[in-house]
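Engineer: Return atomic coordinates for the entry below.
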Amino acid sequence: MSTNCQAVPVPVPVPVTTPALGDAHRWKVLAVGVAANASFSAAANGMPTTAIWLRSGYHLSNTELGVALGAMGLGVALTELPWGMATDRWGDRPVLLTGLLGTMLALLTLLLWITPADGAVPPLWALAAGLALVGVLGGSVNGASGRAVMRWFGPGERGFAMSIRQTAVPFGGGLGALVLPSLASRYGFMPVFGALALVCGLSAFFTWRWMHEPDFSAEVATGPHNAPTGLMKDQATSPLKNRKVWRMVAAIGLLCVPQFAVLSYATVFLHDHGHLGLAGITAVMVALQVGAMVMRIWSGRHTDRHANRPAYLRGSALVALATFMLLGMAAACDAPGWLLMAAVVLAGIAVSAWHGVAYTELATEAGGANAGTALGMANTAVYVGLFLTPIAIPHLLAASNWPVVWWLAGLVALLARPLFPKA
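Structural biologist: Coordinates of the predicted model:
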């Protein structure tokens, strides 16, 4: 047995009750988390909806388009874990403020120097570097706001609250899908980057106004160590040494691959294969994101009531497999446009509904004081997928066709099932 005499800081135990006098303010904290995540999601999930105009505006091939779309995911993947560890060390507020303001500045840099203007087209490396920088800074919002939810809400509400927070991802993506393609097609990418910078600035203001660490002084005074276990479990043990955490991280990363396949290339699929125009494509992407929001909230409430998060997650992988098989069949049969639209929406909702449940289960396993690190681990896996998926799809298309792309995406979802914990 090896020994290690290095001093390890022990996190302060987190009571499983809600903080003193926090019943009203916790909803403001949740609103800040939603706003912060929606702001970054509008960029991360909204930019792919402009793929057609990004391809033409920057004179990109499909392969180069994949590099551009994946660059933001690479930036997030490289920094999610450091952001999560920083959140556990310094708290949610400074990390969110730094990340949101930095993201705003990165988007303004893209607006001012890396947009096509007067016949000049920026090189691919500049566009990719700018989007990667947005990812590096914007990745801060994921672990920080998730840790705040786990600290402000009691154990009977965390699944619901975390699912509400996770609705920010499709909410921001839906807003991006509603607004960004129109801006890109009519006015170019300067207003696209400007709109995204504006929402990041607004979210930073609300973070400064409302995001604070909870005050557990009343609970501490009455003996927090006698509280039920739950989130206090294994708080002195790093999630990096927890095998169950790593399995869930891998499962979350795998189950996000088909989601990113839809978000990154559904617009190209519907345009090139289904011959849909701007109105049809926008309607599909907005419907997908709205449906994902509704299902995330329902999933959180359902699993809180029935205490069945592991079973729900394992079932979600099977549902994702089934819907992607159907999408591939619709593509293989050259189904009419309306059927392709319905199949994309169904698959996108099915593979997006489970996020809040998975993140709650992961944070509970890691312990409240380590939630930022655990969520950072998960988001690293998620955004590695966001980086690799758009790059892989053009090569799959070159070697096969759209049905094969969707079927393979469904099989990746199936690989996640055995990695989720059993009931």
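
Engineer: ok, now which ones touch the closest residue in space to residue 28 that isn't next to it in sequence?
Structural biologist: Excluding its sequence neighbours, the residue lying closest to residue 28 (CB to CB, 6 or more residues apart in numbering) is residue 210, at 4.3 Å. C-beta coordinates here come from the backbone N, C-alpha and C atoms, glycine included. Residue 210 makes contact with 25, 28, 29, 31, 32 under the criterion CB atoms under 8 Å, 6 or more residues apart in numbering.

Engineer: what do you get for residue 300?
Structural biologist: Neighbouring residues of residue 300 by CB under 8 Å, 6+ apart: 159, 160, 161, 162, 163, 164, 166, 356, 357, 360.

Engineer: Can you get me a residue count around the closest residue to it other than its chain neighbours?
Structural biologist: Spatially, and ignoring its direct neighbours in sequence, residue 300 is nearest to residue 163 (2.5 Å; CB to CB, 6+ apart). Taking other CB atoms under 10 Å as the neighbour definition, residue 163 ends up with a count of 29.

Engineer: Is it correct that residue 163 falls within a helix?
Structural biologist: Yes: the assignment for residue 163 is a helix, going by DSSP: H, G, I helix; E, B strand; the rest coil.

Engineer: Return the distance of it relative to residue 179.
Structural biologist: Distance of residue 163 to residue 179, computed by CB to CB, to the nearest Å: 25 Å.

Engineer: again, but for residue 186
Structural biologist: For residue 186, the distance to residue 179 - CB to CB - is 11 Å.

Engineer: export the contacts of residue 210 to TSV and tack on distance to residue 203 and neighbour count?
Structural biologist: Formatted as TSV, the contacts of residue 210 follow (distance: CB to CB, whole Å; neighbours: other CB atoms under 10 Å):
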residue	distance to residue 203	neighbour count
25	18	15
28	13	16
29	13	26
31	10	16
32	8	27
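
Engineer: Please list all residues in contact with the residue nearest to residue 300.
Structural biologist: Here residue 163 is in contact with 296, 297, 299, 300, 301, 355, 356, 357, 360 (CB under 8 Å, 6+ apart).

Engineer: So among those, where is pLDDT lowest?
Structural biologist: The lowest pLDDT within these belongs to residue 356, with 83.

Engineer: Apart from its chain neighbours, what residue comes closest to it?
Structural biologist: For residue 356, ignoring the flanking residues on the chain, the nearest one in space by CB to CB, 6+ apart is residue 163 at 2.9 Å.

Engineer: Give me the contacts around stretch 96-103.
Structural biologist: Contacts for stretch 96-103 (CB under 8 Å, 6+ apart): 32, 36, 39-40, 43, 83, 134, 137-141, 144-145, 197, 200-201, 203-204, 207-208, 211.

Engineer: Give the rounded mean pLDDT of it.
Structural biologist: Stretch 96-103 comes out with an average pLDDT of 95.

Engineer: Just confirm residue 213 is within a helix.
Structural biologist: No: under three-state DSSP, residue 213 sits outside any helix and is assigned coil.

Engineer: how about low-confidence regions in the stretch 201-350 of the chain?
Structural biologist: In the predicted model, the stretch 201-350 of the chain carries pLDDT under 70 at residues 214-236.

Engineer: Now do the helices in it.
Structural biologist: Counting by DSSP state H, counting those that start in this stretch, the stretch 201-350 of the chain has helices at residues 217-221, 243-272, 278-306, 309-332, 337-350.

Engineer: ok, the contacts of residue 210 vs residue 279, which is closest?
Structural biologist: Nearest to residue 279 among the contacts of residue 210: residue 31, at 32.0 Å, using CB to CB.

Engineer: Pull out the buried positions in the one helix or strand the closest one maps to.
Structural biologist: In the assignment (DSSP states H and E), residue 31 maps to helix 25-44. For helix 25-44, burial by neighbour count (16 or more other CB atoms under 10 Å) applies to 26, 28-44.

Engineer: so after that helix, what's the next helix or strand?
Structural biologist: With secondary structure assigned by DSSP H and E, helix 25-44 is succeeded by helix 51-57.

Engineer: hmm, who's touching that following helix?
Structural biologist: 47, 60-62, 65, 68-69, 116, 121, 181, 184-185, 188-189, 264-265, 267-268, 271, 281.

Engineer: Tell me the buried residues within the residues you listed.
Structural biologist: Going by neighbour count (16+ other CB under 10 Å), the contacts of helix 51-57 have 47, 60, 62, 65, 68-69, 116, 181, 184, 189, 264-265, 267-268, 271, 281 buried.

Engineer: Now the two most distant members of those.
Structural biologist: Checking these with CB to CB, the most distant pair is 116 and 265, at 22.2 Å.

Engineer: neighbours around the closest residue to residue 423 other than its chain neighbours, how many?
Structural biologist: Nearest non-adjacent residue to residue 423, counting by CB to CB, 6+ apart: residue 311, 4.3 Å away. Neighbour count of residue 311, defined by other CB under 10 Å: 15.

Engineer: Same check on residue 63?
Structural biologist: Counted with other CB under 10 Å, residue 63 comes out at 14.

Engineer: Could you list every helix and strand in contact with the helix or strand containing residue 89?
Structural biologist: Using DSSP H and E, the element containing residue 89 is helix 62-90. With contacts taken as 3 or more CB pairs under 8 Å, 6 or more residues apart in numbering; DSSP states H and E, helix 62-90 sits against helix 25-44, helix 51-57, helix 92-113, helix 124-138, helix 140-152, helix 243-272, helix 371-399.

Engineer: what is the mean pLDDT for it?
Structural biologist: Averaged across helix 62-90, the pLDDT comes to 88.

Engineer: Any buried residues in that helix, and which?
Structural biologist: Across helix 62-90, burial judged by 16+ other CB under 10 Å covers 62, 64-88.

Engineer: Equivalent analysis for stretch 394-409, please.
Structural biologist: 394, 397, 402, 403, 405, 406, 407, 408, 409.

Engineer: gap between the fourth one and residue 321?
Structural biologist: Computed as CB to CB, the residue 403 to residue 321 distance reads 15 Å.
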